[in-house]
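[1] Here's a sequence, model it:
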Amino acid sequence: MMKFTIFFMLITVFLGLTAMAQEPNTAEAKRAEMKKLEKMIGQWKGSGWIQQGPKRETFTGTENVQKKLDGLALLIEGKFVDPQGKVVHETLAAMSYDDKAAIYRMRTYLISGLSGEYDLKIAGDGYEWGFQTPGGTIKYLIQITPTNWTESGEFSRDGKSWMKFFEMKLDRVK
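    From the prediction side, this is the model:
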């Protein structure tokens with residue numbers, strides 16, 4: 001019985017290794033897709049505004065975007081404060097490429113305790129992501145040049161007319 005068990009284990013390991021050797025190198029394919037997001041990498045600093053109801057708040061802050069896992073993921077850390085120095089937005093996000101769904105995924109964590117997972121799309125020279133919210137849809141549009149990062153947030157009740165509630169302009173620091 002012991003010989004049969006050892007033989008069965010060896011066959012199982014051999015078949016597993018054979019199957020792994022026949023799979024394409026998905027890590028390299030994912031790295032190739034992630035190169036399309038590399039213009040985000042760097043340290044960014046700037047200002048913006050957000051409007052929630054009738055009140056518009058201004059802020060300044062930074063985004064720090066790093067390549068992780070040899071290019072398989074991006075780590076994004078953002079921190080923004082109001083003119084009095086109070087944190088109005090702080091986030092940690094991880095981006096990666098889901099090769100099975102053929103889409104970029106972004107997982108976010110906010111200082112408020114909220115978190116979420118979103119699809120990120122390449123839209124022309126920039127990026128777009130968003131989500132459904134009670135009463136409508138929120139979308140964010142990001143445009144990045146070698147020296148500037150511009151991001152806007154818009155809300156729509158019907159998916160046709162959009163109202164801007166957020167704008168941020170950052171300069172590359174590093």
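[2] G130 contacts T137, correct?
    Yes - using CB atoms under 8 Å, G130 makes contact with T137 at a distance of 6.2 Å. For every residue, glycine as well, the C-beta is placed using N, CA and C.
[3] Mind checking which of those two has more residues around it?
    G130 (18 against 15; other CB atoms under 10 Å).
[4] Looks to me like that one is in a helix.
    No - assessed with DSSP: H, G, I helix; E, B strand; the rest coil, G130 is strand; it does not lie in a helix.
[5] How about the contacts made by it?
    Residues in contact with G130, defined by CB atoms under 8 Å, 6 or more residues apart in numbering, are 118, 137-140.
[6] out of these, which are buried?
    When these are checked for burial by 16 or more other CB atoms under 10 Å, the buried set is 118, 138-140.
[7] what about the strands in this protein?
    Taking DSSP state E to define them, one finds strands in the chain at 42-52, 55-68, 73-81, 87-98, 103-110, 115-123, 126-133, 136-144, 148-156, 163-172.
[8] Just the C-alphas of the third one, formatted as PDB.
    What it means is strand 73-81. Once non-C-alpha atoms are left out, strand 73-81 reads as follows in PDB (Å, rounded to 0.1, in the frame of the first residue of the first chain):
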ATOM      1  CA  ALA A  73       0.900  45.800 -10.300                       C
ATOM      2  CA  LEU A  74       0.900  49.500  -9.600                       C
ATOM      3  CA  LEU A  75       0.600  50.900  -6.000                       C
ATOM      4  CA  ILE A  76      -1.000  54.300  -5.700                       C
ATOM      5  CA  GLU A  77      -0.900  56.400  -2.500                       C
ATOM      6  CA  GLY A  78      -2.800  59.700  -2.500                       C
ATOM      7  CA  LYS A  79      -3.100  62.300   0.300                       C
ATOM      8  CA  PHE A  80      -4.900  65.600   0.000                       C
ATOM      9  CA  VAL A  81      -5.500  68.300   2.600                       C
END
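[9] List the pairing partners of that strand within its sheet, with orientation.
    Counting by DSSP bridges, the strands paired with strand 73-81 are strand 55-68 (antiparallel), strand 87-98 (antiparallel).
[10] per-residue pLDDT, M9?
    Per-residue confidence (pLDDT) for M9: 44.
[11] wait, Y97 sits on Y104?
    Yes - using CB under 8 Å, Y97 is in contact with Y104, at 5.6 Å.
[12] For those two, list the residues in contact with both.
    Among the neighbours of Y97, those also in contact with Y104 (CB under 8 Å, 6+ apart) are E33.
[13] contacting residues around the closest residue in space to N148 that isn't next to it in sequence?
    Spatially, and ignoring its direct neighbours in sequence, N148 is nearest to D171 (6.0 Å; CB to CB, 6 or more residues apart in numbering). For D171, the contact set (CB under 8 Å, 6+ apart) comprises 44-46, 147-149.
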